[in-house]
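>>> pasting the structure only:
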């Protein structure tokens, strides 16, 4: 049983059409749903978009999990918040409706955890300027994401996410994971660039 987290606070880009693929936007640690919903304006118009507020208060905003340091979730906490998220998602998007996850920073680790926990559940995941949750209770074994569509963007000057985690994420997603990964590196730091958003839009469109 997970703790009694509140019902998710969400914001939609428009009216949710159950016949459209659903894209779930996951904000970074210390932010909230209002900070990432604007990304939907740069993504394909024939999808439904929803941004979800993480359940744990943190730094004037919210977090997806308790951590042992930046990018390193406490396994029990990640397990609890993923269960809470699936309780919300599954009635909204029953099996058969494509769901894509787009996570930034801490939201990237959460998106990665969801995908690693259940690769067949999601039509793809975007890991934006963040790390996968290694040693956090989800499998990161060879072949775990075989064929799973992943969009990966990192900033070469990112000083927020530890460099070892960025390198490990890059190597795993382009190597042992088996994922069908599209990867790009930006010269900047810890922020979504307009070029990355444009390539993400193209990636989403080609997988719908």
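Looks like it arrived, so ask away. Keep in mind the model is a prediction, meaning the values are calculated, not measured. Numbering: from 1, shown residues only.
>>> which of the residues in the longest helix anywhere in the chain are buried?
As assigned by DSSP state H, the longest helix anywhere in the chain is helix 75-92. In terms of neighbour count (16 or more other CB atoms under 10 Å), helix 75-92 has its buried residues at 75, 77-82, 84-85, 88-89, 92. C-betas here are computed from N, CA, C, even on glycine.
>>> And stretch 39-53, what's buried?
Going by neighbour count (16+ other CB under 10 Å), the buried part of stretch 39-53 is 39-40, 43-44, 47-53.
>>> Equivalent analysis for stretch 158-165, please.
Buried-residue list, stretch 158-165, by 16+ other CB under 10 Å: 158, 160-161, 165.
>>> returning to that earlier point: tabulate the buried residues of helix 75-92 (JSON lines), appending distance to residue 7 and pLDDT.
Output for those, formatted as JSON lines (distance: CB to CB, whole Å; pLDDT from 0 to 100):
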{"residue": "75", "distance to residue 7": "24", "pLDDT": "97"}
{"residue": "77", "distance to residue 7": "19", "pLDDT": "97"}
{"residue": "78", "distance to residue 7": "20", "pLDDT": "97"}
{"residue": "79", "distance to residue 7": "19", "pLDDT": "97"}
{"residue": "80", "distance to residue 7": "15", "pLDDT": "96"}
{"residue": "81", "distance to residue 7": "14", "pLDDT": "97"}
{"residue": "82", "distance to residue 7": "16", "pLDDT": "97"}
{"residue": "84", "distance to residue 7": "9", "pLDDT": "97"}
{"residue": "85", "distance to residue 7": "12", "pLDDT": "97"}
{"residue": "88", "distance to residue 7": "7", "pLDDT": "96"}
{"residue": "89", "distance to residue 7": "13", "pLDDT": "97"}
{"residue": "92", "distance to residue 7": "12", "pLDDT": "93"}
